[in-house]
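Engineer: no FASTA, just this:
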């Protein structure tokens with residue numbers, strides 16, 4: 001198994017309410033010549049946690065950090081205009097993301113949970129909210 005030191009949270013940069021699913025992302029990433037969905041998990045607007053790339057496989061979601069990370073993406077991240085970055089998570093997505101991050105943290109207790117923007121200055125709006133503040137709200141055990 002790979003050594004996981006990061007859990008990276010993303011948005012898919014789709015407008016609020018998008019019906020996109022992991023299978024759609026998988027098809028698109030394959031068209032780019034990738035081996036499949038670059039994220040390990042995708043959370044559509046209904047809050048389903050869909051498995052993308054298997055955890056034992058290196059992802060394709062955060063340049064220079066893929067070998068040691070798990071990539072989690074929620075569908076959304078853009079306002080209805082399709083241009084303005086914002087937090088578009090539905091309540092179902094918020095609950096699913098919390099559940100998934102808690103599970104991943106139990107399995108990888110030393111891994112830091114961060115937003116894509118924390119690792120890549122070219123992605124200042126991904127995932128549309130401050131992950132470190134979000135994580136601290138529901139679990140002080142994630143960070144000392």
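Structural biologist: Nice, thanks for sending it over. Computed from a prediction, not measured in an experiment: that's the story for all the values here.

Engineer: Pull out the buried residues from the longest helix along the chain.
Structural biologist: In the chain, with assignment by DSSP state H, the single longest helix is helix 91-107. For helix 91-107, the neighbour count (16 or more other Cβ atoms under 10 Å) marks 93-94, 96-97, 100-101, 104-105 as buried. The C-beta positions use only the backbone N, C-alpha and C, and glycine is treated the same way.

Engineer: next SSE after it?
Structural biologist: strand 112-115 (DSSP states H and E).

Engineer: Mind checking the pLDDT average for that following strand?
Structural biologist: Across strand 112-115, pLDDT averages out at 96.

Engineer: How about residues contacting it?
Structural biologist: 5-10, 101, 104-105, 126-127, 129-132, 135, 142 (Cβ atoms under 8 Å, 6 or more residues apart in numbering).

Engineer: Return the members of the residues you listed classed as buried.
Structural biologist: Looks like those have 6-10, 101, 104-105, 126-127, 129, 131, 135, 142 buried, using 16+ other Cβ under 10 Å.

Engineer: Please tabulate the residues you listed in a markdown table, including the columns secondary structure and distance to residue 62.
Structural biologist: Shown next, in a markdown table, are the buried ones among the contacts of strand 112-115 (DSSP: H, G, I helix; E, B strand; the rest coil; distance: Cβ to Cβ, whole Å):
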| residue | secondary structure | distance to residue 62 |
| --- | --- | --- |
| 6 | strand | 8 |
| 7 | strand | 11 |
| 8 | strand | 5 |
| 9 | strand | 10 |
| 10 | strand | 8 |
| 101 | helix | 16 |
| 104 | helix | 15 |
| 105 | helix | 18 |
| 126 | coil | 9 |
| 127 | coil | 11 |
| 129 | coil | 17 |
| 131 | helix | 13 |
| 135 | helix | 17 |
| 142 | coil | 19 |
